[in-house]
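Novice: This is the structure alone, sequence omitted:
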DNA sequence: ATTACATCCTCTAGTAACTAGAGGTTCAAG
DNA sequence: CTTGAACCTCTAGTTACTAGAGGATGTAAT
């Protein structure tokens, strides 16, 4: 009873994103009308809302896939779900620690800039010499930097 | 005087990443020995350290490219550099606000779970119904979620 | 009935910042 | 002189989408 555009409007998930979720098997393939256009019902809508909300809380799509599978089996223990949620919480906490360190260092760097020429620019100096930093954001591998990127 | 492996060890940037930086023009093409292997000097090392440090502070590669270009012109005013740094700071602050909201909501959700069956799982309930959340992480577009991902 | 025009369809390719792997060459140590 | 580590190039994969081409369909007004 819902076109993809309507569903999009109701859930706040963009049309191409809905098609993408279908493509990767996160949403089941919906019915089509005679013209071949997708038609959705309220079940799809609930599922999509679930996905969106989980994404907003930073869960990766693979976790969401698992959460959906688990939630389809209502009599099981919810331990597995709890574990996923806690892992996500830990992930968020780790990123918060990192981001706070970055924030501090950026502020410090900017505060020290006297805004003269590039030659004396504190920002450039600090970027070029890690020794000028406080110790907090040291010893990061590119893996750490990368992990920080996952929503 | 430095092989790519040595340079990697000294800067903490992985070998394939160094080659990648060269490929996208962030690092200049180095000399080669007779066998065709890359050899680096201290200039490359400094430049790579600069890049690494800026990455650790969350600057995107495009900004780093610009910072490098600006730092090559030492008599210019450092306004442009300052602007980039401030933009990055704002970005980090925005992500901190978002992440704090997520953190709060995740904690709340997990705390409410009584760990029974999936049927009564609070985590699943909250994910399925945004109304059960506190208001803070509402009204997010996928664009917002996405922006959060840019280290 | 026709004409706009919005919305829909599929498909490919692009984004950021790398990482992994195949298949082959060169270097350094013993 | 051999062995094994380190190097080379190239392609493809990762995450979660977004953008665009080129065309079909749905709907509202004339």
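Specialist: Now that the structure is in, tell me what you want to look at. All values reported here derive from a predicted model rather than from experimental measurement.
Novice: From what I see, residue A:86 and residue B:109 are in contact.
Specialist: No. Judged on Cβ atoms under 8 Å, residue A:86 makes no contact with residue B:109 at a distance of 10.3 Å. No exception for glycine: its C-beta is placed from N, CA and C like everyone else's.
Novice: okay, those two: which has more neighbours?
Specialist: Legend: neighbour count by other Cβ atoms under 10 Å in any protein chain shown for residue A:86 and residue B:109, higher for residue B:109 (23 against 15).
Novice: Distance check, that one against residue A:27.
Specialist: Distance of residue B:109 to residue A:27, computed by Cβ to Cβ, to the nearest Å: 23 Å.
Novice: again, but for residue A:132
Specialist: Per Cβ to Cβ, residue A:132 is found 50 Å from residue A:27.
Novice: More neighbours: which of the two?
Specialist: Taking neighbours as other Cβ under 10 Å, residue A:132 and residue A:27 compare with residue A:27 leading, 21 against 15.
Novice: Once you drop chain neighbours, what's closest to that one?
Specialist: Leaving out its chain neighbours, the residue that sits closest to residue A:27 by Cβ to Cβ, 6 or more residues apart in numbering or on different chains is residue A:21, at 4.5 Å.
Novice: so what's that neighbour up against?
Specialist: A:13, A:27, A:48, A:51 (Cβ atoms under 8 Å, 6 or more residues apart in numbering or on different chains).
Novice: Could I get the phi/psi values of the third one?
Specialist: Translated: residue A:48. Backbone torsions of residue A:48, given as degrees, to the nearest 10, read phi -70, psi -40.
Novice: Relative to residue B:64, how far out is the closest residue to it other than its chain neighbours?
Specialist: The shortest distance from residue A:48 to any non-neighbouring residue, by Cβ to Cβ, 6+ apart, is to residue A:11 (4.8 Å). The gap separating residue A:11 from residue B:64 is 37 Å, by Cβ to Cβ.
Novice: what residues does stretch A:59-70 touch?
Specialist: By Cβ under 8 Å, 6+ apart, the residues outside stretch A:59-70 that reach it are A:24-26, A:47, A:50-51, A:54-55, A:76, A:78, A:80-81, A:84, A:87-88, A:150-151, B:118, B:124, B:127.
Novice: what's the angle between the longest helix along chain A and helix B:79-112?
Specialist: Identified as the longest helix of chain A according to DSSP state H is helix A:79-112. Angle of helix A:79-112 versus helix B:79-112, following axes from the mean of the first three to the mean of the last three Cα atoms, to 10 degrees, is 150 degrees.
Novice: ok, and does helix A:79-112 reach over to DNA strand D?
Specialist: No. Using Cβ under 7 Å from any atom of the strand, helix A:79-112 never reaches DNA strand D; the gap is at least 10.9 Å.
Novice: Show me what counts as buried in that helix.
Specialist: A:80-82, A:84-85, A:88-89, A:91-92, A:95-96, A:98-103, A:105-106, A:109-110 (16 or more other Cβ atoms under 10 Å in any protein chain shown).
Novice: Check which helices and strands the following helix or strand past it is in contact with.
Specialist: Remark: after helix A:79-112, the chain's next helix or strand is helix A:122-128, criterion DSSP states H and E. On a contact count with 3 or more Cβ pairs under 8 Å, 6 or more residues apart in numbering or on different chains; DSSP states H and E, helix A:122-128 meets helix A:79-112, helix B:42-56, helix B:61-71, helix B:79-112.
Novice: and residue A:39, which of those helices is closest to it?
Specialist: Of all those, helix A:79-112 sits nearest to residue A:39, with 30.8 Å by Cβ to Cβ.
Novice: Quick one: list the elements packing against the closest one.
Specialist: Secondary elements touching helix A:79-112 (3+ Cβ pairs under 8 Å, 6+ apart): helix A:61-71, helix A:122-128, helix A:142-147, helix B:79-112, helix B:122-128.
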